[in-house]
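Engineer: Take a look and give me a structure for this.
(2 chains)
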Amino acid sequence: MNTKMKTLSMAVLGLVGFTAAGAAMAQCPASLVPPWTATNIGGGTSAASSVTGGYDSTACRLQSSLGNSGSARAQVRDDTPANETRYRAQFIFDPTSLSGAGGTNQADVFLANSAAPFNGLLRLVRMQYGGSGGGTKRLFITAACNNGTTNTCISQIDLPTQAGPNRIEFDLTVGASGTLRYWVTPLATATTDGSPTGTVTITGGNAGWVGVDQAYVGLASPSSAFRAANTGNNAYFDQFDSRRQTFIGN
Amino acid sequence: MKKLISGLVAVAATFGTPMAFAQTCAAPGAPSPITAAPANFNSACTAADEFNSICAGSVTATGTSAVYSIQLGAANNFTITVTPSAGTYDHAIFLIGPNSCAQTAPCVADADNAGAGAAESLDPADNLPAGTYYLVIDSTAGPTGCVPSAVSIVGTLPVSLQNFSVE
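Structural biologist: Numbering: from 1, shown residues only, chains lettered A, B, ... in the order given. Got it, this is the predicted structure:
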């Protein structure tokens, strides 16, 4: 759980950490629920738990690993959002123990879903860990967009910290002129609202998806190449924070 | 004289003719609804790409999917095995529900670890709550749609008889 509690305001949508509130203790709780709405664990030996070693002065972090199954998932779920047309979220992702080999070595690390599918898709934002083909660890960002063909608009970025924690934040606007900005930075790097790392162009808007209604954090949906290289390997997450309006930053 | 009888039966009547080629949530493929085991049939796979994601939207699914409904009563205990006809096809199978067939429905059980061309088997917990569940044959491995498969359901699927009348 976070020992670094952010200042909350009316704009705060939710703040979910990985231990009990304010607990600066070495022992992490056995259950992730609460604060999370639910865990979503399945597929072989997949596992998710709260363990010591949190980032940025926190006591605990989420440890997630996948079994050898294409439907493997080791996630926590947040049902706090309610058709949010503006959704900002931040979390820390540490891929140190994951191999970056193989361009099709991919697994989900974050999902922001709508309440119902539009054009057959439920996911407004999907973030995947992946390899570049040359061993570089990357983040693939896929946003729902009504572009008339794939219904997805995509961006990717090399993770700035290949062996250590990265801070990932995004700001999604849902509507006829939907937008998605993202920040992917080393843990300690200061960020500002006006200087995102990049954007995903939401061609055709994303109004049909209405808004964010559910979020998942943790590994899921591994490709066969990910399973070959990373079955049983741990990824770590911490300090999930989601809001309607205000920049989270660092 | 008309009698109305309700209770548990091992086998229930089918109250409608499944559409021959539909394999969607709205019109699950024949022999849906499956009410008794053993049940063995061939899945032709003439379905649409209805599931971009599955297991409450947490797992990515790709390509076309075939859907069958299974009616469960109390004290059920069963396994499902699906064997693809093509050695190159790596399918995944999911049991979702109860009483919901959508990307947002939770997964009761799933299997996707056997690899291309191999049979996948799922063994849900015994005594699932009674209701309608859906077997989804899909894939997580690539964009290729599902291929004809052999489906085998063994065990016990008692169902609650909802309405039986005798004139």
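
Engineer: When you work out contacts or count neighbours from here on, use the C-alpha atoms and nothing else.
Structural biologist: Noted.

Engineer: all helices of chain A, in order?
Structural biologist: Secondary structure of chain A by DSSP state H: the helices cover A:224-230.

Engineer: Mind giving me the packing neighbours of the longest strand seen in it?
Structural biologist: Across chain A, the longest stretch assigned as strand under DSSP state E is strand A:106-118. If contacts are counted by 3 or more C-alpha pairs under 8 Å, 6 or more residues apart in numbering or on different chains; DSSP states H and E, strand A:106-118 sits against strand A:121-131, strand A:214-220, helix A:224-230.

Engineer: What strands line up against the second one, and which way round?
Structural biologist: Looking back up the chat, that one is strand A:214-220. If you go by DSSP bridges, strand A:214-220 pairs up with strand A:73-78 (antiparallel), strand A:106-118 (antiparallel).

Engineer: Out of these, which gets nearest to residue A:143?
Structural biologist: strand A:106-118 (9.4 Å; C-alpha to C-alpha).

Engineer: So for that closest one, mean pLDDT?
Structural biologist: Average pLDDT, strand A:106-118: 97.

Engineer: before we move on, what about stretch B:39-50?
Structural biologist: 85.

Engineer: now the end-to-end length of that stretch.
Structural biologist: By C-alpha to C-alpha, to the nearest Å, the extent of stretch B:39-50 from end to end equals 24 Å.

Engineer: can you tell if it touches chain A?
Structural biologist: Yes. Using C-alpha under 8 Å from any C-alpha of the partner chain, stretch B:39-50 reaches chain A at residue B:50.

Engineer: one step back: most tightly surrounded among the helices and strands packed on strand A:106-118?
Structural biologist: strand A:214-220 (a mean of 28; mean count of other C-alpha atoms under 10 Å in any protein chain shown).

Engineer: related to what we said a few turns ago, TSV for the helices and strands packed on strand A:106-118, including distance to residue A:194 and mean pLDDT?
Structural biologist: Converted to TSV, the helices and strands packed on strand A:106-118 look like this (distance: least, C-alpha to C-alpha, whole Å; pLDDT from 0 to 100):
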stretch	distance to residue A:194	mean pLDDT
strand A:121-131	21	96
strand A:214-220	25	98
helix A:224-230	35	92
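
Engineer: thinking again about what came up before, any chance of the strands paired with strand A:214-220 in a markdown table with mean neighbour count as columns?
Structural biologist: Output for the strands paired with strand A:214-220, formatted as a markdown table (neighbours: other C-alpha atoms under 10 Å in any protein chain shown):
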| stretch | mean neighbour count |
| --- | --- |
| strand A:73-78 | 26 |
| strand A:106-118 | 25 |
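
Engineer: Next, the angle from the longest strand of chain A to strand A:121-131.
Structural biologist: 170 degrees (axes from the mean of the first three to the mean of the last three C-alpha atoms, to 10 degrees).

Engineer: Only the C-alpha atoms, please, for strand A:106-118, written as CSV.
Structural biologist: Extracted in CSV, the C-alpha atoms of strand A:106-118 (Å, rounded to 0.1, in the frame of the first residue of the first chain):
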residue,chain,number,x,y,z
GLN,A,106,3.6,-9.2,-25.4
ALA,A,107,1.2,-9.2,-22.4
ASP,A,108,-1.3,-6.7,-21.1
VAL,A,109,-0.3,-4.6,-18.1
PHE,A,110,-3.3,-2.2,-17.9
LEU,A,111,-6.8,-2.1,-19.3
ALA,A,112,-9.5,0.6,-19.1
ASN,A,113,-12.8,-0.9,-20.3
SER,A,114,-16.1,0.6,-21.2
ALA,A,115,-19.4,-0.8,-19.7
ALA,A,116,-20.4,-2.3,-23.1
PRO,A,117,-18.7,-3.0,-26.4
PHE,A,118,-18.9,-0.6,-29.3
